[in-house]
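Undergrad: Quick one: sequence plus predicted model below, questions after.
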Amino acid sequence: MSSNVKKFMFVNRKAPYGTIYALEALEVVLITAAFDQDVSLAFLDDGVYQLKKGQQTKGIETKNFSPAYRALEDYDIEKLYVEQEALDARGLTVEDLLVDVTVLGRAELGALMDEQDVVLSF
Amino acid sequence: MLHIINKSPMTSVALESCLNSATGGDILLIEDGVYAATRGSATEAKVRGAMGKFKVHVLLPDLEARGFGDRIIEGVSPVDYAGFVDLTANNKNCQSWL
């Protein structure tokens, strides 16, 4: 990678649908990917709910954007990190998630954040 | 009285405040509040504990949107939009814990 490439991390801490944050984060992630940057996504707290399998939004007449997470690898976005403690507190395991992720503890995630050039919070 | 909760129990104290203050009646979980109706979450015990005092309902379309339609805590009753209307009509008043 050239020296123009920066490390971007998107920190997702909100559940989907209740607020617009999760969808807006996805939009910005895809824009960043178009500029060939080193992009990673972290899912903490209620952010892990964004990756829950089986979302069916017909009843609330809202676009189900969860399939977009599966498309991220087509944009060379393959670094998805999920907080172990957040999964545990919500009764979730990696089996409940719709994409392959790397599960990290809080301390490891914190260290990863320190390595970034840019951190964007949603 | 009908108590309506629309915030996640993991990021807001809305549910907790409601349980602390309300004297009983119906609770309806909607929007991000529906996560309180899911099995295995750290807030499950709190909801189960409230069931003696309250009748707890969850808006099913909001739960299904979030991928938890098959993981409702036993004893929490799923309602559709018509059921939401019935709850508001059958209670003398309602409070949204925003």
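TA: Thanks, I have it.
Undergrad: I'd like to know how far residue B:54 sits from residue A:75.
TA: 46 Å (Cβ to Cβ, to the nearest Å). No exception for glycine: its C-beta is placed from N, CA and C like everyone else's.
Undergrad: between these two, which one's more packed in?
TA: Just comparing residue B:54 and residue A:75: by other Cβ atoms under 10 Å in any protein chain shown the higher neighbour count belongs to residue B:54, 19 against 14.
Undergrad: Bridged to the more buried one, which residues?
TA: The bridge-partner assignment for residue B:54, based on DSSP bridges, gives residue B:25.
Undergrad: Could you tell me the per-residue confidence at it?
TA: pLDDT, the model's per-residue confidence, is 98 for residue B:54.
Undergrad: List the contacts of it.
TA: Residue B:54 makes contact with B:3, B:19, B:22, B:24, B:25, B:26, B:27 under the criterion Cβ atoms under 8 Å, 6 or more residues apart in numbering or on different chains.
Undergrad: Top of the residues you listed by number of neighbours, please.
TA: Within those, neighbour counts (other Cβ under 10 Å) peak at residue B:27, which reaches 29 neighbours.
Undergrad: That residue and residue B:57 touch, don't they?
TA: Yes. Shown here, residue B:27 and residue B:57 form a contact pair, counting by Cβ atoms under 8 Å, at 6.8 Å.
Undergrad: And for residue 94, the neighbour number?
TA: Let's take chain A. A total of 14 residues lie near residue A:94 under the criterion other Cβ under 10 Å.
Undergrad: other chain: chain B
TA: Residue B:94: 14 surrounding residues under other Cβ under 10 Å.
Undergrad: again with residue A:106
TA: Counted by other Cβ under 10 Å, the residues lying close to residue A:106 total 12.
Undergrad: Verify the contact between it and residue A:81 for me.
TA: No. Taking contacts as Cβ under 8 Å, residue A:106 lies outside contact range of residue A:81: 11.2 Å.
Undergrad: coming back round to it: just put the contacts of residue B:54 in TSV and tack on pLDDT.
TA: Compiled in TSV, the contacts of residue B:54 are given as follows (pLDDT from 0 to 100):
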residue	pLDDT
B:3	98
B:19	97
B:22	97
B:24	96
B:25	97
B:26	98
B:27	98
